[in-house]
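[1] What follows is a predicted structure for the sequence shown.
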Amino acid sequence: MGVFQKFASSKMQIMIYVFKTSVDNKAKFESASVFLNELLPNSEWNFDLEDCDNILRVDSELNVAEILQNNTIFDCIELE
């Protein structure tokens, strides 16, 4: 039981982040994809380009909000 408790307490919590972005076409999506895959190799992310805010959703153990909002590839504002 002690080993299980140690493992369970060390497991990171996945957070869900939602952003409004400027990714509104295929070229911007491709650039953003390369950036996100390099930056967040162990996270899941997706864009909803049919939404008027071109939503980016990221599921990650890392706190990605500041990193993404300060990137130079695309504009990104965290939604609350």
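    Now that the structure is in, tell me what you want to look at.

[2] Could you tell me how far residue 38 is located from residue 56?
    Distance of residue 38 to residue 56, computed by Cβ to Cβ, to the nearest Å: 15 Å. Quick note: C-beta positions are derived from backbone N, CA and C, even for glycine.

[3] So for those two, which sits in the more crowded spot?
    residue 56 (26 against 8; other Cβ atoms under 10 Å).

[4] contact partners of the host helix or strand of residue 29?
    Taking DSSP states H and E as the criterion, residue 29 maps to helix 26-39. Contacting residues not belonging to helix 26-39 are listed as 21-23, 45, 47, 49, 56, 58, 64, 67, 71, 73-74 [Cβ atoms under 8 Å, 6 or more residues apart in numbering].

[5] May I see the buried residues of it?
    Applying a neighbour-count criterion of 16 or more other Cβ atoms under 10 Å, one finds 28, 29, 32, 36, 39 buried in helix 26-39.

[6] Tell me the first helix or strand C-terminal of that helix.
    strand 44-48.

[7] Tell me which helix or strand comes right after that next one.
    Downstream of strand 44-48, the first helix or strand assigned by DSSP H and E is strand 55-60.

[8] Return the set of buried residues in that next one.
    55, 56, 58, 60.

[9] show me the contacts for the residue sitting nearest the centre point of the chain.
    The chain has residue 58 as the residue nearest its centroid, 2.9 Å off, counting by Cα atoms, centre = their mean. Counting by Cβ under 8 Å, 6+ apart, residue 58 touches 16, 17, 18, 19, 36, 40, 43, 44, 45, 64, 68.

[10] now swap in residue 15 and tell me
    59, 60, 61, 63.

[11] Need the pLDDT of the second one.
    It stands for residue 60. pLDDT for residue 60: 94.

[12] got it, and residue 13?
    pLDDT, residue 13: 89.

[13] roughly how far apart are it and residue 41?
    18 Å.
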